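S.K.: task: produce atomic coordinates for the following.
(chains A and B)
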There are 2 protein chains.
Amino acid sequence: MVFPEYLHFSDNPAKTLQDLIGAFAPDQFAVLVDELTAQHCLPLLQTDAPVIRIKSGEEEKTIATCEYIWSEMTRLGFSRKSMLINLGGGVIGDMGGFAAATYKRGIRFINFPTTLLSMVDASIGGKLGIDFHGLKNHIGVFQEPDAVVVCSAFLQTLPKRQIRSGFAEVLKHGLIKNKAYWYRVKIIDLENQIWDDIIAESIKFKHEVVSADPQESGLRKILNFGHTLGHAIESHFLETNEPLLHGEAIAIGMVLEAHLAWQKRLLSIDECEEIVAVMRSYYGLPPLPDVRELEMHLLQDKKNSEGRLKFALLNTIGNCHYDVVVDLEEIRRAVVYYHAIR
Amino acid sequence: MVFPEYLHFSDNPAKTLQDLIGAFAPDQFAVLVDELTAQHCLPLLQTDAPVIRIKSGEEEKTIATCEYIWSEMTRLGFSRKSMLINLGGGVIGDMGGFAAATYKRGIRFINFPTTLLSMVDASIGGKLGIDFHGLKNHIGVFQEPDAVVVCSAFLQTLPKRQIRSGFAEVLKHGLIKNKAYWYRVKIIDLENQIWDDIIAESIKFKHEVVSADPQESGLRKILNFGHTLGHAIESHFLETNEPLLHGEAIAIGMVLEAHLAWQKRLLSIDECEEIVAVMRSYYGLPPLPDVRELEMHLLQDKKNSEGRLKFALLNTIGNCHYDVVVDLEEIRRAVVYYHAIR
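M.R.: Sure thing, here's the model as predicted:
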């Protein structure tokens, strides 16, 4: 199957929602939104269903917000046959999915991703969860949504910075698995990309990887390219007044991990520099946190065990190894390189 | 398969734990205990693994305690390859299981049930969870433990009241599926029961039902006999200074639901009275909460949808129907009957 069974492309989200409600026949349903999607996206659904509204932002992805969602579903009298509609980006999809998957031991939920990032990434693969004590997605479960409705019209509601952030995952897909895709997308300005094609291609690719290894015991780990250091950087900036968006942190992660791959004699210096140039052109190269703080976050990462740091590292553009053990000295060298090229 | 694959009977829990650690080879593990199992049961495991200790009692089965368990696992540096050992009754098994199943999207966990109730009931069937806003098991997931070690030696650490509470589930197993079992166990004093046989028989039975219907879409609902009203009663007493034990509440539930079955012309009056007599002999017939409060709890029950109350009701001793719709008037009549026979 090229696309996941639960995936629906739609240019009429209101109609698709109606069809899905008809098909699943929940005894009742509600729409989970944040402040932004309440304003910009909810009108496109044309529904008078009850709304559960939370604040926007990754810093809201906590057990406290999750408790609020559970309380609201309880107050609405949600039964095991009720359904939650998650309308928003990765935070809404991950946290709403987790709240639904654990409410009365699991009710149905549907995701309407509204950001490029959540369309090409978070909506596929069934990773649900919340942050805990500053650790990203520390608490969660694996479970596929009952439906994911991808509608590129929502992208028109997004600021350019959000589009650029999501584009980092698109670039990653090219880097780890498809050299032609990388060369095709990296030369086009964000304004001129054909998003419907890109979304379909990236979803197809992610689905292929995830179906081969749903529980992330092998191949799926290549999706973590850029994310091991990227998450550590994102966690750091979450604690500041100017958090980076996910894709912005991952772009830095890809630069650092390209250098790790070069140190390991996996990646050529030419390809490493090509990656740096592309990331610089889209994202600039923001300042890094202190290396000791990065290390602290790294040691808490889900991907690591027995105190060893394991990375997904490029062998060449379009091919990625995983479970490559990296030591702290190598990470320090990558950070020194990053400071030198800024 | 007569017994679940993950089930181990053991008369040497320390040895069995060692064997399982050898087999699963976690990078580290910890034992979750409450105050009581720390004192009475932990010594039997002969382990110097780190201990995560919580207070005893159903009122501790909350998201706050769960957060504490997540924090402790984080503090210990638990990775995805670590393992949690749950040593205790239903609360420890359900909540420790839920904490493990959601930590980093799921790590391994093993249950050592220490009460009769958890040996014959909670340990089989993969229902994990916590209470929320006074609603029993309102938040949770379905997931089988990686191993359940049943060791009847732990029963010697239990007060008689706990044994009697667990025995209510044994009686229920006879009532809903096995008339011969009911007649065999109900005539023997608790002091003289052969627990190893009873535990094996009840687990075998529960496993049979649960494997036929893991997600509780049909047959599994017969296990809810006595539990729809029983849970409402238990929820009420949880909010008082003198909570009932689970089995004590379920025994009242079985009396009330036997009367509902009689009202529905499913159960004969002779069998209804036989059930009342047995429950009275083991549990007495404690006072009931106000009927309106029962109704409020009933309407929040996971088993009900679209505002209709659905019960598992006996057709005869040894046979149970499910999804029988009951109205509030019938419940009020059962409560009147209960008051009359006390």
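S.K.: and the residue of the stretch 1-150 of chain A found nearest chain B, how far is that from B:L299?
M.R.: Residue nearest to chain B within the stretch 1-150 of chain A: A:S79 (3.8 Å; CB to the nearest CB). All C-beta atoms are positioned from the backbone trio N, CA, C, and that covers glycine. Noted for A:S79: a distance of 10 Å to B:L299, by CB to CB, to the nearest Å.
S.K.: more neighbours: which of those two?
M.R.: Of the pair A:S79 and B:L299, A:S79 is the one with more neighbours under other CB atoms under 10 Å in any protein chain shown, namely 23 against 15.
S.K.: where does the stretch 101-250 of chain A dip in pLDDT?
M.R.: Within the stretch 101-250 of chain A, no range satisfies pLDDT under 70.
S.K.: which residue ranges of it form helices?
M.R.: Remark: helices assigned in the stretch 101-250 of chain A by DSSP state H, counting those that start in this stretch are A:116-117, A:160-177, A:179-186, A:195-212, A:227-238, A:246-263.
S.K.: make CSV out of these and add mean neighbour count and distance to A:A38.
M.R.: Formatted as CSV, the helices of the stretch 101-250 of chain A follow (neighbours: other CB atoms under 10 Å in any protein chain shown; distance: least, CB to CB, whole Å):
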stretch, mean neighbour count, distance to A:A38
helix A:116-117, 28, 19
helix A:160-177, 22, 16
helix A:179-186, 16, 32
helix A:195-212, 18, 23
helix A:227-238, 23, 23
helix A:246-263, 26, 21
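S.K.: without its sequence neighbours, what residue ends up closest to the residue most central in space within chain A?
M.R.: Residue closest to the average C-alpha location in chain A (CA atoms, centre = their mean): A:A122, at 4.2 Å. Beyond its immediate neighbours in the sequence, the residue positioned closest to A:A122 (CB to CB, 6 or more residues apart in numbering or on different chains) is A:G90, lying 3.8 Å away.
S.K.: same thing with A:F154?
M.R.: Nearest to A:F154 is A:T114, by CB to CB, 6+ apart, at 4.1 Å.
S.K.: is it true that the one you found touches A:G88?
M.R.: Yes. With contact defined as CB atoms under 8 Å, A:T114 counts as touching A:G88 (5.5 Å).
S.K.: mind listing the shared neighbours of the two?
M.R.: Residues touching both A:T114 and A:G88 by CB atoms under 8 Å, 6 or more residues apart in numbering or on different chains: A:37, A:41.
S.K.: the two: which is more packed in?
M.R.: Higher neighbour count among A:T114 and A:G88: A:T114, with 31 against 28, using other CB under 10 Å.
S.K.: got the contact list for that one?
M.R.: Neighbour list for A:T114: A:37, A:40-41, A:87-89, A:92, A:154, A:157-158 [criterion: CB under 8 Å, 6+ apart].
S.K.: among those residues, name the buried ones.
M.R.: Among those, those scoring as buried are A:37, A:41, A:87-89, A:92, A:154, A:157-158 (criterion: 16 or more other CB atoms under 10 Å in any protein chain shown).
S.K.: picking up where we left off before, can you give me the pLDDT of the residue nearest to A:A122?
M.R.: Model confidence at A:G90, given as pLDDT, is 93.
S.K.: that one: how many residues sit nearby?
M.R.: 23.
S.K.: can you pull out the strands in the stretch 201-342 of chain A?
M.R.: A:309-316, A:319-326 (DSSP state E, counting those that start in this stretch).
S.K.: please name the nearest non-neighbouring residue to A:I85.
M.R.: Using CB to CB, 6+ apart and skipping the chain neighbours, the partner closest in space to A:I85 is A:V31 (4.5 Å).
S.K.: these two touch, right, the residue of the stretch 1-150 of chain A closest to chain B and A:M73?
M.R.: No. A:S79 lies out of contact with A:M73 (CB under 8 Å); the separation is 9.7 Å.
S.K.: find residues that contact each of these two.
M.R.: Common neighbours of A:S79 and A:M73 (CB under 8 Å, 6+ apart) are A:I107.
S.K.: was I right about A:K221 contacting A:F311?
M.R.: No. Assessed by CB under 8 Å, A:K221 is found out of contact with A:F311, at 9.1 Å.
S.K.: of these two, who's got more company?
M.R.: Taking other CB under 10 Å, A:K221 and A:F311 do not tie; A:F311 has more neighbours (29 against 22).
S.K.: so for that one, what's the pLDDT?
M.R.: 96.
S.K.: returning to that earlier point: okay, and the common contacts of A:K221 and A:F311?
M.R.: In contact with both A:K221 and A:F311: A:Y322, using CB under 8 Å, 6+ apart.
S.K.: ok, the residue nearest to A:G89 when sequence neighbours are not counted - how many residues close by?
M.R.: Take A:G89 and drop its neighbours on the chain: the residue closest to it by CB to CB, 6+ apart is A:T115, 3.8 Å away. A count of neighbours around A:T115, defined by other CB under 10 Å, yields 30.
S.K.: follow-up on the earlier one: nearest to B:H138, of the helices of the stretch 101-250 of chain A?
M.R.: Distance to B:H138, taken as CB to CB, is lowest for helix A:227-238 among the helices of the stretch 101-250 of chain A, at 29.7 Å.
S.K.: for A:F132, which residues make a bridge with it?
M.R.: Using DSSP bridges, the beta-bridge partners of A:F132 come out as A:L135.
S.K.: test my guess that it contacts A:M95.
M.R.: No. In this structure, A:F132 is not within contact of A:M95 by CB under 8 Å, at 11.7 Å.
S.K.: quick one, which of those two is more surrounded?
M.R.: Taking neighbours as other CB under 10 Å, A:F132 and A:M95 compare with A:M95 leading, 28 against 21.
S.K.: any idea of the pLDDT on that one?
M.R.: 98.
S.K.: mind checking what secondary structure it has?
M.R.: Under DSSP: H, G, I helix; E, B strand; the rest coil, A:M95 falls in the helix class.
S.K.: ok, it - contacts?
M.R.: A:61, A:65-66, A:69, A:128-130.
S.K.: and it, how far from A:M1?
M.R.: 28 Å.
S.K.: what do you get for A:E58?
M.R.: 32 Å.
S.K.: neighbour-wise, which of these two wins?
M.R.: A direct count of neighbours by other CB under 10 Å for A:E58 and A:M1 places A:E58 higher, at 20 against 9.
S.K.: which positions in the stretch 151-300 of chain A make contact with chain B?
M.R.: Within the stretch 151-300 of chain A, the residues that sit near chain B (CB under 8 Å from any CB of the partner chain) are A:299-300.
S.K.: one more time with 10 Å
M.R.: Proximity of the stretch 151-300 of chain A to chain B, by CB under 10 Å from any CB of the partner chain, involves residues A:215-217, A:299-300.
S.K.: tabulate those (CSV), appending distance to B:L260.
M.R.: As requested, those are exported to CSV (distance: CB to CB, whole Å):
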residue, distance to B:L260
A:Q215, 44
A:E216, 48
A:S217, 49
A:L299, 57
A:Q300, 52
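S.K.: show the buried residues in those residues.
M.R.: Counted by 16+ other CB under 10 Å, these give A:216, A:300 as buried.
S.K.: what's the farthest-apart pair in the residues of the stretch 151-300 of chain A next to chain B?
M.R.: Pairwise distances across those (CB to CB) peak at 22.6 Å, for the pair A:Q215 and A:L299.
S.K.: start and end of stretch A:94-113, how far apart?
M.R.: From its first residue to its last, stretch A:94-113 covers 10 Å (CA to CA, to the nearest Å).
S.K.: same question for stretch A:70-86.
M.R.: 14 Å.
S.K.: domain parsing for chain A?
M.R.: A:7-157, A:167-341 (automatic domain parsing).
S.K.: quick one: closest of those domains to B:G226.
M.R.: Closest of those to B:G226 is domain A:7-157, at 19.8 Å (criterion: CB to CB).
S.K.: centre of the chain to that closest one, how far?
M.R.: 14 Å (CA atoms, centre = their mean, to the nearest Å).
S.K.: same check on stretch A:231-242?
M.R.: 16 Å.
S.K.: give me the contacts around that stretch.
M.R.: A:57-59, A:61, A:131, A:134-137, A:224, A:227, A:243-253, A:256, A:286-290, A:293-303, A:331 (CB atoms under 10 Å, 6 or more residues apart in numbering or on different chains).
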